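[1] 3D model of this:
(chains A and B)
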Amino acid sequence: MFAFCIDPATLPQWQWFACYLTTPTHFAFYRSFLMVLLLLAITAPVALGMGLLGAMAVRSRIWPVSWLGKGYVNIVRGVPDIVFFMFVPIALGQGIEWVWHHIQCPDWDQPIRQGNDFIVCREAKIPGVNAPAWVRDVYAFGMAVIAFALVFGAFAANTLYGAMQAIPKAQIETAEAYGMTPAQTFRRIIMPQMWVYALPGLSNIWQILIKATPLLFLLGLQDAVYWARELGGQKTSLYTYPHPDWRVWYFLVLLCFYLFLTWISERSFARLNARLSRGQATAAGERMRKAAAA
Amino acid sequence: MRTCAESFNAYILRALGRDYGERLLPRNLDITFCDQVFLIGSGLIWTLYFAALAIFIGFFLAVAVAVAKFSENPWLSRPASTFIFVFRGSPLFIQFFFFYSAFVLLPRTGIEVPLGFTTLTVNTSALTTAQVGGLFVLVLNTTAYSAELFVGALRSIPKGDLEAADAYGLSGFTKFRRVVFPSMLRLAWPSYTNEAIFLTHSTTLVFLSAFPARQQSGEAFYYARYFVDQTFNPFVGYPIVAAYFILLTLAIIGLFGIANRRLNRHLPKAARQRLTFRPRYLR
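    As a prediction, this is how the structure comes out:
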């Protein structure tokens, strides 16, 4: 990075650190923090969408749909999330390859599961046999997003369902009296108002989602945990920058990063809550009305 | 191929170490369905060990931390708030890594703590094992989460209860033991049940992070993962471990429900809180 970094062994302390912290591997470490943020940015809306679908399914008057919704929400809650994070990417990957295999190679006569191997024909491999590394990374990342969305979708479904139930009954009856169909009532009365009831629950789920992101490491992605282990481990004098076991410092940085992330989101949610409470038939909304009137 | 009875004998206690049952875990094509059921089941020994001890020790620490955070003395409330913030604000997974890499740096021989009349030797090498070090992290973590719940309950103790205690001439520790503590426990109990469930679920992270599984003795999810790696078939091992955890969850709800009934027995029926499993906190 810097011009003086040619022979690090002879450098004074601060220059040594300046060079050490700007090696290409360190930039990969810094980029992995962006990956965490990217995962959050993609997963949160997808999970919210899943949650909305789930909550609507639970409320549905058609019983197979409502059973499906209830089953989804309850199974995800009773099982550790980590089981889903490990199960979904493998199961989904094998499922996609299985379907693709039947489309691509209909006259394949050997079984797909042979002992401990899962064998599909060459054309059905996903990502393809010659796929470049970045395609594989994007595929693995996409699988992780789906696994996260499934788990957090169930949590969000639970919260949103509670929020939909919390809307004062009188308002829904009024909507019916005005001759609105159930769909219209949902769109015009329930949807705009449920967020203020859902927000405390959703902010909790968001915090939980933040704290679940290091589990990406278990899916084999090169995330912040991976680089902290790689970079922090003891380096002998064979390396350009030899140092003892510094993992504890790297994990301290990660710890601070996450603390900052949860702290800042707690503050943002407090503000959003104040914004949404305006004009609502809740204690907080009432307090705001009185403060404005006084 | 083993029969079911053989794999029961070979693996039901295998999680305790290689001297209890078969030395080697089943491999590749030798894996039967019963092997998976019993070996994953034997992992529950450690799941229960971590969950029960962490909840038990964490409970007492959490009450202390909650009282400290609620106190008006800033010298008590500030450190307690910081402790809660650090452990609730960061992922448990990272906490495991951080503490493990810190424990590894401690001198192997142990640290001598002079207590004046005697010296206490802290066995530092034990801290790098999951059974001690991992439990240590879990205890700190559940302490922080439970303490936050207890602080919330302390805040919402009815004013009348406290005034009644004053009127009866109760003060200090007697007031805490007879009035504040039981009310706090009753109010916090439904959310504390959820915390217990999530702590049990998060024991799965112990062996996934830095802590090594010596002699391949791990908890239930460690074995489920081992089988999936061996067979490349996620549709057997993971559902088995999921089923075990659903049973554990139901058992916790049952046990905590009994305690809940006892805590609420003096209230009229309509005012009693029902226990519902609502996930609010997990790591």
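
[2] element containing residue 225?
    With no chain named, the answer covers chain A. Applying DSSP states H and E as the criterion places A:Val225 in helix A:224-232.

[3] correction: the question concerned chain B.
    Using DSSP H and E, B:Arg225 falls in helix B:220-231.

[4] for that helix, which positions count as buried?
    Going by neighbour count (16 or more other Cβ atoms under 10 Å in any protein chain shown), the buried part of helix B:220-231 is B:220-228, B:230-231. For the C-beta atoms, the positions are set from N, CA and C on the backbone; glycine is no exception.

[5] chain A: which of the residues you listed is nearest?
    B:Thr231 (4.9 Å; Cβ to the nearest Cβ).

[6] if I pick that closest one, what's in contact with it?
    Each residue near B:Thr231 by Cβ atoms under 8 Å, 6 or more residues apart in numbering or on different chains is listed here: A:116, B:28, B:31, B:237.

[7] rewinding a little: what pLDDT, on average, does the helix holding B:Arg225 get?
    On average, the pLDDT along helix B:220-231 is 91.

[8] quick one, strands of chain A?
    Along chain A, counting by DSSP state E, strands occupy A:113-114, A:117-118.

[9] ok, the stretch 1-150 of chain B next?
    B:111-114, B:119-122 (DSSP state E, counting those that start in this stretch).

[10] which other helices and strands does the last one contact?
    Yep, that's strand B:119-122 we're talking about. Helices and strands touching strand B:119-122, as assessed by 3 or more Cβ pairs under 8 Å, 6 or more residues apart in numbering or on different chains; DSSP states H and E, comprise strand B:111-114.

[11] the strand it packs on pairs with which strands, and in what direction?
    According to DSSP bridges, strand B:111-114 forms sheet pairs with strand B:119-122 (antiparallel).

[12] backbone dihedrals for the nearest residue to B:Arg2 once chain neighbours are set aside, please?
    Leaving aside its sequence neighbours, B:Arg2 sits nearest to B:Thr32 (Cβ to Cβ, 6 or more residues apart in numbering or on different chains; 5.9 Å). Main-chain torsions, B:Thr32, degrees, to the nearest 10: phi -100, psi 170.

[13] I'd assumed B:Met1 was in contact with B:Thr32.
    Yes - between B:Thr32 and B:Met1 there is a contact under Cβ atoms under 8 Å: 6.1 Å.

[14] okay, those two: which has more neighbours?
    Applying other Cβ atoms under 10 Å in any protein chain shown to B:Thr32 and B:Met1 shows that B:Thr32 carries more neighbours, namely 16 against 10.

[15] past the helix holding B:Arg225, which element shows up next along the chain?
    helix B:234-263.

[16] from A:Ala140, how far out is A:Glu97?
    14 Å (Cβ to Cβ, to the nearest Å).

[17] correction: the previous question concerned B:Arg78.
    From B:Arg78 to A:Ala140 the distance is 43 Å (Cβ to Cβ).

[18] what's the answer for B:Asn194, then?
    Taking Cβ to Cβ, one finds B:Asn194 at 32 Å from A:Ala140.

[19] now do the helices in the stretch 1-150 of chain A.
    Listed in chain order, the helices of the stretch 1-150 of chain A (DSSP state H, counting those that start in this stretch) span A:13-20, A:24-59, A:63-78, A:81-104, A:133-166.

[20] export the ones you listed to JSON lines and tack on distance to chain B and mean neighbour count?
    Below are the helices of the stretch 1-150 of chain A laid out as JSON lines (distance: least, Cβ to the nearest Cβ, whole Å; neighbours: other Cβ atoms under 10 Å in any protein chain shown):
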{"stretch": "helix A:13-20", "distance to chain B": "19", "mean neighbour count": "14"}
{"stretch": "helix A:24-59", "distance to chain B": "11", "mean neighbour count": "17"}
{"stretch": "helix A:63-78", "distance to chain B": "4", "mean neighbour count": "16"}
{"stretch": "helix A:81-104", "distance to chain B": "4", "mean neighbour count": "18"}
{"stretch": "helix A:133-166", "distance to chain B": "6", "mean neighbour count": "20"}
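
[21] quick one, what contacts the nearest residue to B:Val241 once chain neighbours are set aside?
    Nearest non-adjacent residue to B:Val241, counting by Cβ to Cβ, 6+ apart: B:Ala224, 3.9 Å away. With contact set as Cβ under 8 Å, 6+ apart, B:Ala224 has these partners: A:83, B:36, B:40, B:43, B:237-238, B:240-241.

[22] surely A:Trp100 and A:Pro127 touch.
    No - the pair A:Trp100 and A:Pro127 does not pass the contact test of Cβ under 8 Å, sitting 11.2 Å apart.

[23] which residue, other than its chain neighbours, is closest to the residue most central in space within chain A?
    With distances taken as Cα atoms, centre = their mean, the residue of chain A nearest its centroid is A:Thr43 (4.1 Å). In space, and not counting its chain neighbours, A:Thr43 is closest to A:Phe148: 4.5 Å by Cβ to Cβ, 6+ apart.

[24] list the contacts of that neighbour.
    So A:Phe148 contacts A:39, A:43, A:47, A:85, A:209, A:212 (Cβ under 8 Å, 6+ apart).

[25] picking up where we left off before, in the helix holding A:Val225, what's buried?
    A:224-229, A:231-232.

[26] out of the residues you listed, which are close to chain B?
    A:225, A:228-229, A:232 (Cβ under 8 Å from any Cβ of the partner chain).

[27] let's have the residues you listed in CSV, adding distance to A:Ala170.
    Output for those, formatted as CSV (distance: Cβ to Cβ, whole Å):
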residue, distance to A:Ala170
A:Val225, 51
A:Ala228, 54
A:Arg229, 57
A:Gly232, 60
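
[28] ok, which residues in the stretch 1-150 of chain B are in contact with chain A?
    Counting by Cβ under 8 Å from any Cβ, the stretch 1-150 of chain B sits next to chain A at B:28-29, B:85-86, B:88-95, B:97-98, B:101-102, B:104-105.

[29] per-residue pLDDT, the residue nearest to B:Lys69 when sequence neighbours are not counted?
    Closest residue in space to B:Lys69, ignoring its immediate chain neighbours: B:Ala80 at 3.8 Å, by Cβ to Cβ, 6+ apart. pLDDT, B:Ala80: 95.

[30] also B:Arg280?
    Confidence score, pLDDT, at B:Arg280: 43.

[31] and what of A:Ala281?
    Reported pLDDT for A:Ala281: 69.

[32] ok, A:Ala140 to A:Gly153 distance?
    20 Å.

[33] go on, B:Ala10?
    40 Å.

[34] which one of the contacts of B:Thr231 is nearest B:Ala5?
    B:Ile31 (16.7 Å; Cβ to Cβ).

[35] on that earlier part again, surely the residue nearest to B:Lys69 touches B:Ala68?
    Yes - B:Ala80 is within contact range of B:Ala68, at 3.9 Å (criterion: Cβ under 8 Å).

[36] about what we covered before: I'd like the ones next to chain B among the buried residues of helix A:224-232 as a markdown table, with pLDDT and distance to A:Asn204 appended.
    Converted to a markdown table, these look like this (pLDDT from 0 to 100; distance: Cβ to Cβ, whole Å):
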| residue | pLDDT | distance to A:Asn204 |
| --- | --- | --- |
| A:Val225 | 90 | 23 |
| A:Ala228 | 90 | 27 |
| A:Arg229 | 88 | 30 |
| A:Gly232 | 87 | 32 |
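
[37] what's the most distant pair in the residues you listed?
    A:Val225 and A:Gly232, at 10.5 Å, using Cβ to Cβ across these.

[38] quick one: residues contacting B:Arg14.
    Contacts of B:Arg14 (Cβ under 8 Å, 6+ apart): B:20-22, B:25, B:39, B:42, B:217.

[39] most widely separated two among the contacts of B:Ala224?
    A:Val83 and B:Gln36 (14.3 Å).

[40] any weak-confidence spans in the chain?
    The chain I'm using is chain A. Applying pLDDT under 70 to chain A flags residues A:1, A:281.

[41] oops, chain B please
    In chain B, residues with pLDDT under 70: B:270-271, B:273-283.
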